[in-house]
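Enquirer: Prediction below, plus the sequence it came from.
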Amino acid sequence: MADNYYYSRSDVGYDTTTSIWSGWNTTATITASAITTTDSYSTVWYDWNTTSGTATAWTTWVTTPTVVEGSYSTISYGSASALTEEQIVVEQQRIQAAADRAMEERKVATTKAKTLLKSLLDEKQREQLERAQFFDFVSQTGRKMRIKQGHARNIDVLGEDGKRIQTLCAHPSQYGLVDEDHMVAQFLTLRHNENEFMRVANAS
Amino acid sequence: MTGELSVLDRTGDTKIIWDSAQQAEVDAAEAMFDSLKKKGYAAFLVTKKGDKDELIKKFDPKAEKIIMVPQLVGG
């Protein structure tokens, strides 16, 4: 495939009756000089990503310009091969730095959430969490439960013998919380608002 | 006496601290509390020692710590 290619604006016709929305979703219907044609090339998306000498997608968007059939403009497309090796290295470093930053922020969030979770647990539960990545507690209605490290399908209802009899799944709707924050929410809700928890939870 | 509103979020949690003797700080914390409640958050009053926790409906300016938990959904 060529690095750059061109197409002619004669393929693209607009008039004041052609809406941007129809252009966006479909190939445009062109009305010019009382001749209606369907153009299989011109979509707004096509135009949006390009620069035209006579019209850009933005111009089209805000003004719905009239383009005289037969006028031409050149549109060129960039390609990966247009980037220098140095530019590619810089871009890779930028992406890596962003990933490192996100990882560091996640670590800080996990440390904070773990501290908050532990502050709600008694000594035995804290020890259990450290040793086995779960802790046991008694829910508002007196059921013995176990919250395991995680955020989905991580709660077991335990029988008298300590074996799992049911798994529950409900957690905060907010995107991006770390596991320990989910566990805080699950623990507090099961201790003080178990009916609400069971209303939304999936049980299996 | 200072109180702390701890809102669970992607940073772990965000804390809003108020001094119960400063009415403006109490008002700001209460406004945040009410705003989150309207968004469906549940509020749990806890002690900093961790020996007590309870579900609350209204802001308590004398609370040591309140944890705001986003609405739960089934997984």
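Expert: Yep, it's here. Residues are numbered from 1 along each chain as shown, chains lettered A, B, ... in the order given.

Enquirer: for chain A, longest helix please?
Expert: The residue-count maximum for a helix in chain A (DSSP state H) belongs to helix A:85-120.

Enquirer: For chain A, what's the nearest residue on chain B?
Expert: As assessed by C-beta to the nearest C-beta, chain A sits closest to residue B:12 within chain B, at 2.8 Å. To be clear about C-beta, it is placed using only N, CA and C from the backbone, and glycine gets the same treatment.

Enquirer: what about that residue, distance to residue B:36?
Expert: For residue B:12, the distance to residue B:36 equals 16 Å [C-beta to C-beta, to the nearest Å].

Enquirer: wait, what's in contact with residue B:11?
Expert: Listed by C-beta atoms under 8 Å, 6 or more residues apart in numbering or on different chains, the contact set of residue B:11 reads A:105, A:108-109, A:112.

Enquirer: how about the strands of chain B, start to end?
Expert: Assigned by DSSP state E, the strands in chain B fall at B:2-9, B:12-19, B:42-46, B:53-56, B:65-69, B:72-74.

Enquirer: Mind checking the pLDDT average for the shortest one?
Expert: What strand B:72-74 shows for mean pLDDT is 93.

Enquirer: Identify the bridge partners of the residue nearest to residue A:193 when sequence neighbours are not counted.
Expert: Nearest-residue entry for residue A:193: residue B:55, 5.4 Å, with adjacent residues in sequence omitted and distances by C-beta to C-beta, 6 or more residues apart in numbering or on different chains. Legend: beta-bridge partners of residue B:55 under DSSP bridges are residue B:44.

Enquirer: got the residues of chain B near chain A?
Expert: Within chain B, the positions near chain A by C-beta under 8 Å from any C-beta of the partner chain are B:6, B:8-13, B:42, B:44, B:46, B:48, B:50, B:53-55, B:67, B:69-75.

Enquirer: For PyMOL, write a command that selects the buried ones of the residues you listed.
Expert: Selection of buried members from the residues of chain B next to chain A for PyMOL, criterion 16 or more other C-beta atoms under 10 Å in any protein chain shown:
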select buried, chain B and resi 6+8+9+10+11+12+13+42+44+46+53+55+67+69+70+72+74+75
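
Enquirer: Contact partners for residue A:129?
Expert: Contact analysis of residue A:129 by C-beta under 8 Å, 6+ apart lists A:117-118, A:121, A:135, A:149.

Enquirer: residue ranges of the strands in chain A, please?
Expert: A:29-32, A:35-38, A:134-138, A:144-148, A:155-158, A:164-172, A:202-203.

Enquirer: The last one pairs with which strands, and in what direction?
Expert: Within its sheet, and counting by DSSP bridges, strand A:202-203 is paired with strand A:164-172 (antiparallel).

Enquirer: buried ones in the partner strand?
Expert: The neighbour-count check on strand A:164-172 (16+ other C-beta under 10 Å) flags A:167-172 as buried.
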